[in-house]
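Asks: all I have is the shape, not the residue letters:
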């Protein structure tokens, strides 16, 4: 994949005489870390009339703005938005983190982001940030500006507003140490949605979770967890998910 500003090319003399390119790789990696806009890890791959988008959610996060964090920086978000169009048979979006979470987890992460930004007062911002980091609340739901932007664009694709709607919009994800199938529908649209929206999440089945984490994972998928999380998120001013 090419970065927005062109290919990053290390100095020609940066490789050691014996051919060891460790210095070249280290220099490139450090620049990509220091200047995320210098290289784009996400890319698009067309297979016939099907489009596969592989979206990096690790290297371009915007976390220095406490009031509105983003899982994709502006350049990456703009690139992704231009790729989210219809006129394909199937649109597949592979993300390094799941886009759709169990309802309880989604609302918990959205609530936490709002509290970190001061929704429940300055005194709770520190404890909320500590919770965010200690239990890794870092999925799409914890970056509501990004989640809503991508969600709105995909609903327009599914509704035929960006070309002929694909038969399906499919998310692929991992990282959460369990596997599941999720289906989604537009919350506020009656007849505009034509594409089926679903997500497949597959994490290593050999990565056995500790008993307490297994119980919490089971609980997170229950309706009561979604209800409690939704009440907490609304109380913190988080809008309803699209």
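Replies: Received the coordinates, thanks. On a predicted model such as this, the values are computed, not experimentally measured, just so you know.

Asks: can you find the helix or strand in the chain with the smallest mean pLDDT?
Replies: The helix or strand of the chain with the poorest confidence is helix 211-220; it has a mean of 85 (mean pLDDT, DSSP states H and E).

Asks: tell me what it is packed against?
Replies: Helices and strands in packing contact with helix 211-220 are listed as helix 103-116; criterion 3 or more Cβ pairs under 8 Å, 6 or more residues apart in numbering; DSSP states H and E. For every residue, glycine as well, the C-beta is placed using N, CA and C.

Asks: return the distance of the helix it packs on from the chain's centre.
Replies: From the chain centre to the centre of helix 103-116 is a distance of 14 Å (Cα atoms, centre = their mean, to the nearest Å).

Asks: report all helices and strands that it contacts.
Replies: Checked by 3+ Cβ pairs under 8 Å, 6+ apart, helix 103-116 has helix 125-134, helix 144-158, helix 211-220, helix 223-235 packed alongside it.

Asks: contact partners of the least confident helix or strand of the chain?
Replies: 102, 104, 105, 177, 178, 209, 225 (Cβ atoms under 8 Å, 6 or more residues apart in numbering).

Asks: output the residues you listed as a markdown table; include the columns neighbour count, pLDDT and distance to residue 35.
Replies: As requested, the contacts of helix 211-220 are arranged in a markdown table below (neighbours: other Cβ atoms under 10 Å; pLDDT from 0 to 100; distance: Cβ to Cβ, whole Å):
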| residue | neighbour count | pLDDT | distance to residue 35 |
| --- | --- | --- | --- |
| 102 | 22 | 90 | 36 |
| 104 | 22 | 91 | 37 |
| 105 | 23 | 92 | 33 |
| 177 | 15 | 78 | 32 |
| 178 | 18 | 80 | 36 |
| 209 | 14 | 77 | 37 |
| 225 | 19 | 93 | 40 |
